[in-house]
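*Asks:* Pasting the sequence and the predicted coordinates here, then a few questions.
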Amino acid sequence: MSDESTAEFSRLTQRNQELQALNADMETEHAKLEARHAKLEARIAELEKAVADKDAATTEHVKVMEAMEKAIAAMQKHTGR
């Protein structure tokens, strides 16, 4: 090889190594982001369940309050108030 070809080959080899290192860094970062994404999805599922549980509790509370109101009205009617 000529000196020019050797220099170009050396430059390309170095650039290839730099790109391989960059690719490895990007793959590592990608894996970290995927792990973070999975954690966020798990947290979203927890929050959705908490909202569903709260909604169910609220519905039950409303039913209890309505039953209490009916019981109070019946007691007032019975006592003549």
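*Replies:* Received, thanks. Residues are numbered from 1 along each chain as shown.
*Asks:* Mind telling me what element the residue positioned nearest the centre of the chain is part of?
*Replies:* By CA atoms, centre = their mean, the chain has its centre lying nearest to L40, at 2.4 Å. Using DSSP states H and E, L40 sits in helix 3-79.
*Asks:* And the average pLDDT for that helix is what?
*Replies:* For helix 3-79, mean pLDDT rounds to 97.
*Asks:* hmm, back to that, quick one: contacts for the residue nearest to the centre of the chain?
*Replies:* Neighbour list for L40: empty [criterion: CB atoms under 8 Å, 6 or more residues apart in numbering]. Yep, even glycine has a C-beta here, placed from its N, CA and C like the rest.
*Asks:* before we move on, back to that, just give me how far the helix holding L40 sits from the chain centre.
*Replies:* 0 Å (CA atoms, centre = their mean, to the nearest Å).
*Asks:* ok, now stretch 73-81?
*Replies:* For stretch 73-81, the distance to the chain centre is 53 Å (CA atoms, centre = their mean).
*Asks:* Can you list the buried residues in that stretch?
*Replies:* Across stretch 73-81, burial judged by 16 or more other CB atoms under 10 Å covers no residue at all.
*Asks:* Check stretch 31-45 too.
*Replies:* So, applying 16+ other CB under 10 Å, stretch 31-45 has no buried residues.
*Asks:* Now for E29, how many residues are close by?
*Replies:* Burial measure for E29: 10 neighbouring residues, criterion other CB atoms under 10 Å.
*Asks:* Quick check: the gap between it and L22.
*Replies:* E29 sits at a distance of 10 Å from L22 (criterion: CB to CB, to the nearest Å).
*Asks:* for K54, same thing?
*Replies:* Distance, K54 to L22, by CB to CB: 47 Å.
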